[in-house]
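In: what's the 3D shape of this:
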Amino acid sequence: MLRERKRLGKGELATIALAKRLNIGAQTDDDRGEKLAVEVLSLARVQTTPHVLGWLFFHGHLRDHELNTIVEEHENVGRNMGRRFRSAYERALYARLLAAGRST
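Out: Next comes the predicted model:
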């Protein structure tokens, strides 16, 4: 765990420490930050940027045509999260389909 801490920024470490101290969840967009946060907090208390994106698609706050723009914008600033964003999008659509089936 100490090795992981050395490779994280102060913001990620502060977020994890505060979440632990206050017994709340944390949100991260960093793979190493996510790994450490899950170790320190638990999987149930860690949300990632793809989780948030999926939630936004599931609830209709983002439309299907916006996914490619979001992926491109992240790639333009050096983030390689396209695969994870697309996976979250697909899971959100599947969950929405299941939810619609239950309400009929």
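
In: care to break this structure down by domain?
Out: What automatic domain parsing lists as the domains of the chain is 1-41, 49-104.

In: save the ones you listed as JSON lines, and put in mean neighbour count and mean pLDDT too.
Out: Backbone N, C-alpha and C define where each C-beta goes, glycine included. Converted to JSON lines, these look like this (neighbours: other CB atoms under 10 Å; pLDDT from 0 to 100):
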{"stretch": "domain 1-41", "mean neighbour count": "15", "mean pLDDT": "84"}
{"stretch": "domain 49-104", "mean neighbour count": "14", "mean pLDDT": "92"}
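
In: name the nearest residue to the residue most central in space within the chain, sequence neighbours excluded.
Out: In the chain, the centroid-proximal residue (CA atoms, centre = their mean) is residue 48; its distance is 1.8 Å. Excluding the flanking residues, the one nearest residue 48 by CB to CB, 6 or more residues apart in numbering is residue 34, at 5.6 Å.

In: quick one: residues contacting the one you found.
Out: Residues in contact with residue 34, defined by CB atoms under 8 Å, 6 or more residues apart in numbering, are 28, 46, 48.

In: specify the beta-bridge partners of the last one.
Out: When bridges are taken as DSSP bridges, the partners of residue 48 come out as residue 28.

In: closest to residue 21 out of the contacts of residue 34?
Out: residue 46 (15.4 Å; CB to CB).

In: measure that closest one to residue 8 for me?
Out: For residue 46, the distance to residue 8 equals 14 Å [CB to CB, to the nearest Å].

In: which stretches of the protein form helices?
Out: 2-6, 10-22, 31-41, 49-58, 66-76, 82-103 (DSSP state H).

In: and the closest residue to residue 19 other than its chain neighbours, how far from residue 101?
Out: Spatially, and ignoring its direct neighbours in sequence, residue 19 is nearest to residue 26 (3.9 Å; CB to CB, 6+ apart). Distance of residue 26 to residue 101, computed by CB to CB: 33 Å.

In: same deal with residue 83?
Out: Relative to residue 101, and taking CB to CB, residue 83 is found at 27 Å.
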